[in-house]
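> Predicted model and sequence below, questions to follow.
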Amino acid sequence: MAANCQGQQARCLSWHYVAIKGQYMTQIDLPSPASPLKIGTRGSPLALAQAYETRRRLAAAFDLPHDAFEIVVIKTTGDNQALIAADKPLKELGGKGLFTKEIEEDLLSGAIDIAVHSMKDMPVAQPGGLLLDTYLPREDVRDALISPTCGSLQDLAKGAVVGTSSLRRRAQLLHRRPDLHVVQFRGNVQTRLLKLSEGVAECTFLAMAGLNRLAMADVPATAIEASDMLPAVAQGAIGIERRVTDRRAGDMLAAIHDSQTGERLAAERAFLAALDGSCETPIAGLATLDGTTLRLRGEVLRVDGSQSLTDDQSCPIEDGAQLGREMAAELLARAGTGFFDWKN
Ligand SMILES: NCc1[nH]cc(CCC(=O)O)c1CC(=O)O
């Protein structure tokens, strides 16, 4: 026992040197099986896959065994099946913080050290004391049409029943195809696929990123190009949150951060923030990079799909956030008052 403890202590005390941006060297007291870095996540299969990917990248970057990390599953309000099944508007259930409140509380209390999130579900601002500025390389940003019978939007029969709980997808679909009948399809990826197999709807929509991360090659999915259905802001991006004061977490996360994803999300999230995007607003936004240029495409829609306003601009990469704010202001001016009001 004593020998074992000594061995573990020796590991704890080993320093790891990392060069950050080639500027300076910093020392990190690395986690170990005896003193693991605690990774907080929701318990859905997709959330777990994202936490495992984060652990895999951290372990590889620092040459650590997987048990130097502990995955801590946290149940959030959004995971309460009874609440979700009640078909209440998400706003009444806690809005954008629905899937994050409990996780951020555990981060602040020190129960976990880092938290892994789908950036698409994250509010544009974090509680004081927390930072969300680490992103993994982005997955496929596109939406996918999921249907055992139908391979494209155009192929859907007139008046077909389509299942989605996403206001954005609903508005985008109704804008193109006012004849479609959209029904609520809430729940995680598996729940939605089950509803589809029960014949509740002819098709549903999922992010390609989720399907890829879950390696669900058997799902009948057709990717929809961004020009046909602009994805949600930050779709396909994983973000990792930490305490401002936790230097070890900050240094470790810097080693796995993907700066291109960071540049794209800076533009998209500035766009969203300036639009005051809540769950109640159909908004889409996608930034892409080409050399030193960032291209931002944005869309806002009326909830019933009767109107869609779009913009498409480019700028030097470092000006992405400013372009996001300007595009939001431009679209808001074109929209005028009442644009986002519910009309059912
Ligand atoms: N709102 C749920 C959610 N949050 C992130 C993803 C997919 C993965 C991603 O976009 O990173 C999904 C499911 C979906 O839209 O299919």
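Structure received.
> Could you list the residues in contact with stretch 142-161?
162, 169, 173, 176-177, 179-183, 192-193, 196-197, 200-208, 211, 219-226, 228-229, 231, 235 (C-beta atoms under 8 Å, 6 or more residues apart in numbering). No exception for glycine: its C-beta is placed from N, CA and C like everyone else's.
> restrict those to contacts with the ligand.
Filtering these for proximity to the ligand by C-beta under 6 Å from any ligand atom leaves 206-207, 235.
> near the ligand, which residues of the stretch 151-300 of the chain?
So the stretch 151-300 of the chain meets the ligand at 206-207, 209-210, 235-236 (C-beta under 6 Å from any ligand atom).
> pLDDT score for the closest residue to Pro220 other than its chain neighbours?
In space, and not counting its chain neighbours, Pro220 is closest to Pro148: 5.1 Å by C-beta to C-beta, 6 or more residues apart in numbering. We have a pLDDT of 85 for Pro148.
> same thing with Ser14?
44.
> what do you get for the one 4 residues further on?
For Val18, the model assigns a pLDDT of 55.
> my guess is Leu265 is in a helix, correct?
Yes. Applying DSSP: H, G, I helix; E, B strand; the rest coil, one finds Leu265 inside a helix.
> Contacts only, for it.
Counting by C-beta under 8 Å, 6+ apart, Leu265 touches 119, 135, 234, 237, 239, 287.
> next one: Arg297
Residues in contact with Arg297 (C-beta under 8 Å, 6+ apart) are 226, 230, 284-287, 310-312.
> can you pull the pLDDT of the residue in the stretch 51-200 of the chain positioned nearest to the ligand?
In the stretch 51-200 of the chain, the residue that lies nearest the ligand is Ser118 (3.6 Å; C-beta to the nearest ligand atom). Listed pLDDT for Ser118 reads 96.
> Show me where the protein has its helices.
2-12, 45-62, 81-85, 90-93, 101-109, 167-176, 189-197, 208-213, 247-254, 259-274, 320-335 (DSSP state H).
> now those helices as CSV including distance to Leu156?
Listed next are the helices of the chain as CSV, based on distance: least, C-beta to C-beta, whole Å:
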stretch, distance to Leu156
helix 2-12, 58
helix 45-62, 26
helix 81-85, 27
helix 90-93, 26
helix 101-109, 37
helix 167-176, 9
helix 189-197, 14
helix 208-213, 19
helix 247-254, 43
helix 259-274, 29
helix 320-335, 28
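> pLDDT score assigned to Gly285?
Turning to Gly285, the model gives it a pLDDT of 98.
> Equivalent analysis for Asp87, please.
For Asp87, pLDDT reads 58.
> surely Ala59 meets Glu53?
No. Contact criterion C-beta atoms under 8 Å: Ala59 and Glu53 do not qualify, at 10.8 Å.
> Among the ones next to the ligand among the contacts of stretch 142-161, name the ones in strands.
Among those, the members found in strands (DSSP state E) are 206-207.
> And for Asp63, the neighbour number?
By the criterion of other C-beta atoms under 10 Å, Asp63 has 9 neighbours.
> again with Ala333
Ala333 has 9 nearby residues by other C-beta under 10 Å.
> got the contact list for it?
Going by C-beta under 8 Å, 6+ apart, Ala333 touches no other residue.
> Which members of the contacts of Leu265 define the maximum pairwise distance?
Of all pairs drawn from the contacts of Leu265, the greatest distance, 15.1 Å, lies between Gly239 and Ala287 (C-beta to C-beta).
> Just confirm Gln307 contacts Leu331, I think it does.
No. Using C-beta under 8 Å, Gln307 is not in contact with Leu331; the gap is 11.5 Å.
> who has more neighbours, the two?
The residue with more neighbours, out of Gln307 and Leu331, is Leu331; 20 against 14, by other C-beta under 10 Å.
> Test my guess that that one contacts Leu272.
No. The criterion here is C-beta under 8 Å, and Leu331 misses it with Leu272 at 11.5 Å.
> quick one: low-confidence ranges for the stretch 151-300 of the chain?
277-279 (pLDDT under 70).
> let's see it at 80
In the predicted model of the stretch 151-300 of the chain, residues 187-189, 276-280 satisfy pLDDT under 80.
> I'd like to know how far the residue nearest to Asp106 when sequence neighbours are not counted sits from Thr76.
Distances taken as C-beta to C-beta, 6+ apart place Ile112 nearest to Asp106, at 4.9 Å, with adjacent residues excluded. Distance, Ile112 to Thr76, using C-beta to C-beta, to the nearest Å: 13 Å.
> Between these two, which has more neighbouring residues?
More crowded of Ile112 and Thr76, by other C-beta under 10 Å: Ile112, with 25 against 20.
> ok, so what distance separates Val182 from Leu130?
In this view, Val182 and Leu130 are 36 Å apart by C-beta to C-beta.
> Gly298 now?
27 Å.
> neighbour count winner among these two?
Applying other C-beta under 10 Å to Gly298 and Leu130 shows that Gly298 carries more neighbours, namely 27 against 16.
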